[in-house]
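**Q** I would like the atomic coordinates for the input below:
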Amino acid sequence: MRRTLIISGLGLLAVALFAVGYFFVFQKTDSNTAGAPKDFFSAFFPFGQGNRASEKPTNEASGESAQKVTARIRQVSARPTAGAWFTSPSGTTTPPHIRFTERATGHIFETPTDSYAELRISNTTIPLMQELLVVNDTALLLRTLTGTETISNAFGVLNATSSQQSLNTSALKGFQRVAVAKNGLSMMTVTEVLRGSQIELMQPDGTKSRTILLSPIRSWVPLAGDSRFFIQSAPSSGASGFLYEIKSNGGLTKILSDIPGLLSVPSPTGRYILYSGATGVKVFLGMIDTKTGQNYTLPLKTLATKCAWISEDAPRVFCAISDPLRGGTATLPDDWLLGKISFSDSVWIIRPIENTAHSLGYLQEIANTSIDVLNPTVSADGRFALFINKNDLSVWSLDLNRDQ
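**A** Below you'll find the predicted structure:
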């Protein structure tokens, strides 16, 4: 009898504990928390939940509960990236979206510029991705590391529908460098061969390839405007740099010459070329109008590849200006390109023809971390800048319409 009473008592105690646990899990759960547990066992074993809550905006916020972006600057992703770009939702007047790829997995994500919501739009795993170049919203060029120093090239078609979320790829030939026309209709590749380099024009999927130039110089760097292509000598402080426009028949027109450490960034149509030169730690920034041949000296100094075009009707550029180097021992642009030194940048909007510059602030003060701007780009509406922090390959966006 006594044993029966003990067993009954233990049973009643277990039921009471279950009821108390149920009450605290379900009745005390914050109704405003996204992804709250919906059953008892999920509450105690919350692993693998689809929607995760956050007390502050994070890159993993998703769904209707995702907070709106109110900050002037935003870390889009802390994960190292192989490429980030803007895309505009079709048929809408909403702000542009940002897409980026994870360097480790090759997965592609999308997030609005005005929201912390994040959606994975491709779960195709492509490990060791080094670089992603955009042809258009659904076509991409992928460059992956397949050996110690071997880069493989592929053309990818993105299927971002919720049922597919895939990236279908096809292998391309083994070129070393590539530039994609801004209109997305063609690309130019440079392939190092035994006696120099082979320069080819082709469609982005690798079809209709034809050689337009064989050169004894192996290190040409291809650049592109809307439909115009250029080749630049490899940038080095110890060598005079040259920039040529290259025609579809292989003809060359000299644009710039005898500039040490030359780096160049064509405008969207290719009419204007923003360029920089460097000797030691001394840097200058200029712009040339290829239509008139007129040269402009800009009021600030930086490496041209730390700039992006906003517009060219009345030329405006977004530029990251680096802190002056102290000690004078670095060699630019070589040491920066090779990762031997890093910068902490401020950001500006420059009008080359008017020779004016407007400060947007010092990134370390705005973002509370040191940022060395890499691969900047500006949205089509001119409102947002997007760039990678060279220090850790994280992705950042900045609202250009807000000074504070």
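
**Q** what about stretch 279-287, average pLDDT?
**A** The average pLDDT for stretch 279-287 rounds to 92.

**Q** quick one: buried residues of that stretch?
**A** 281, 283-287 (16 or more other Cβ atoms under 10 Å). Glycine gets a C-beta too; all of them are placed from N, C-alpha and C.

**Q** stretch 254-263 too?
**A** 255-256, 259-263.

**Q** and for stretch 392-404?
**A** Result for stretch 392-404 [16+ other Cβ under 10 Å]: buried residues 393-400.

**Q** still on that earlier bit, can you add pLDDT and give the buried residues of stretch 254-263 back as a markdown table?
**A** Listed next are these as a markdown table, based on pLDDT from 0 to 100:
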| residue | pLDDT |
| --- | --- |
| 255 | 97 |
| 256 | 98 |
| 259 | 96 |
| 260 | 96 |
| 261 | 96 |
| 262 | 97 |
| 263 | 98 |
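
**Q** for residue 125, state which of those residues is nearest.
**A** residue 263 (34.2 Å; Cβ to Cβ).

**Q** and that closest one, how close does it get to residue 331?
**A** The gap separating residue 263 from residue 331 is 14 Å, by Cβ to Cβ, to the nearest Å.

**Q** for the buried residues of stretch 279-287, which one is nearest residue 358?
**A** Once Cβ to Cβ is applied, the member of the buried residues of stretch 279-287 that ends up nearest residue 358 is residue 285, at 15.3 Å.

**Q** the closest one against residue 304, yeah?
**A** Yes. With contact taken as Cβ atoms under 8 Å, residue 285 and residue 304 are classed as touching, separated by 6.5 Å.

**Q** what touches both of those two?
**A** 274-276 (Cβ atoms under 8 Å, 6 or more residues apart in numbering).

**Q** and the residue sitting nearest the centre point of the chain, what element?
**A** Centroid-nearest residue in the chain: residue 84, 2.7 Å away (criterion: Cα atoms, centre = their mean). Per DSSP states H and E: residue 84 is located in strand 81-87.

**Q** following that strand, which helix or strand comes up?
**A** strand 97-102.

**Q** identify all contacting residues around stretch 340-360.
**A** Residues contacting stretch 340-360 (Cβ under 8 Å, 6+ apart): 272, 274, 287, 296-300, 306-307, 310, 314-323, 325, 330, 334-336, 361-364, 370-373, 385, 390-391, 398, 400, 403.

**Q** let's see which of these end up in strands.
**A** The strands, defined by DSSP state E, take in 272, 274, 287, 296-297, 307, 310, 316-322, 361-362, 373, 385, 398 from those.

**Q** ok so, going back, so can I have a markdown table of the shared contacts of residue 285 and residue 304 showing pLDDT?
**A** Output for these, formatted as a markdown table (pLDDT from 0 to 100):
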| residue | pLDDT |
| --- | --- |
| 274 | 98 |
| 275 | 98 |
| 276 | 97 |
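
**Q** surely residue 174 touches residue 189?
**A** No. Residue 174 is not in contact with residue 189 according to Cβ under 8 Å; the separation is 9.6 Å.
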